[in-house]
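S.K.: Give me coordinates for this.
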Amino acid sequence: MDQYRSEITPEPGGPGSLEGGAKLREFLRDTLETVLIALVLFLAINAVSARIRVESVSMQPTLFAGNYVIVNKLAYQLGESQRGDVIVFKYPPDPEREPYIKRVIGLPGDRVRVDNGNVYVNAELLVEPYLEVVTEQEGEWQVPADNLFVMGDNRNNSSDSRAWGMVPLDNVIGKALVIYWPPEQWGLLGFPYAVAAGH
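M.R.: Predicted structure coming up:
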């Protein structure tokens, strides 16, 4: 009859055995390595992204108060902003306040006009399927170099470029990519919606 041993117990003092002190040192070394790796990953993730909690209703129905979004902080170091991007930025009149989150409507050099409930960029009608209301406040704005014109999706309940002016590119923290909380509202934000009619 064949006999098998399920494991081999090392002889005391032989290879594979560790005394109490050696076992403790190995445990501490493994723990330290795990903590260091976690710290490096945490710092790396924070260097390229941020997590923002939406506090206002100005971006409804795209974003609701209480939503959490992931923001790509490298988006505009590796590329340029596009109309329709949802961005997080330092509030231009008071950069020390909580960051704002709005949608890019006008790029540097654009002329933005709101007329009869419609938004035009460089005389082209902007198609905005994310809106549920027409834009009531009318006006016309020229976007200077190195600035963006932004508006909230909840057009008639949004403090944005129509009220306090342009967003300098230096104020932009990053591009909002994903709603990650609450889970039932998970969704992508990182692609442009706003397009000029006929393009």
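S.K.: switch to C-alpha atoms for all contacts and neighbour counts from now on
M.R.: Fine.
S.K.: State the distance from V127 to N147.
M.R.: In this view, V127 and N147 are 22 Å apart by C-alpha to C-alpha, to the nearest Å.
S.K.: Neighbour count: these two, which is higher?
M.R.: N147 (20 against 16; other C-alpha atoms under 10 Å).
S.K.: State the pLDDT value of that one.
M.R.: Looking at N147, its pLDDT reads 97.
S.K.: ok, now which ones touch it?
M.R.: Counting by C-alpha atoms under 8 Å, 6 or more residues apart in numbering, N147 touches L107, P108, M166, V167, P168, L169.
S.K.: For beta bridges, what are the partners of it?
M.R.: P168 (DSSP bridges).
S.K.: Please renumber the chain so that the first residue is 36 from this point on.
M.R.: Sure thing, new numbering starts at 36, so read that last one as N182.
S.K.: now F184: how far from F99?
M.R.: Distance from F184 to F99, by C-alpha to C-alpha: 21 Å.
S.K.: Equivalent analysis for L109, please.
M.R.: In terms of C-alpha to C-alpha, L109 sits 24 Å off from F99.
S.K.: Same drill for F184 and F99, tell me which one is more crowded.
M.R.: F184 (26 against 16).
S.K.: who's in contact with the closest residue to the more buried one other than its chain neighbours?
M.R.: Nearest non-adjacent residue to F184, counting by C-alpha to C-alpha, 6 or more residues apart in numbering: G141, 4.6 Å away. Contact analysis of G141 by C-alpha under 8 Å, 6+ apart lists R118, V147, V156, V178, L183, F184, V185.
S.K.: And stretch 90-100, end to end?
M.R.: So stretch 90-100: terminal residues 5 Å apart, C-alpha to C-alpha.
S.K.: Check which residues of that stretch are buried.
M.R.: Of all the residues in stretch 90-100, those buried under the rule 16 or more other C-alpha atoms under 10 Å are E90, S91, V92, S93, M94, Q95, T97, L98, F99.
S.K.: Check stretch 126-145 too.
M.R.: Those would be 126-127, 134-143, 145, for stretch 126-145 by 16+ other C-alpha under 10 Å.
S.K.: can the residues you listed go into CSV with extra columns for pLDDT?
M.R.: Shown next, in CSV, are these (pLDDT from 0 to 100):
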residue, pLDDT
Y126, 95
P127, 94
P134, 92
Y135, 94
I136, 94
K137, 95
R138, 95
V139, 95
I140, 95
G141, 95
L142, 96
P143, 96
D145, 96
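S.K.: which of these sit farthest apart?
M.R.: Comparing every pair within the buried residues of stretch 126-145 by C-alpha to C-alpha identifies P134 and D145 as the most remote, at 24.1 Å.
S.K.: From L67, how far off is G101?
M.R.: G101 is 36 Å from L67, by C-alpha to C-alpha.
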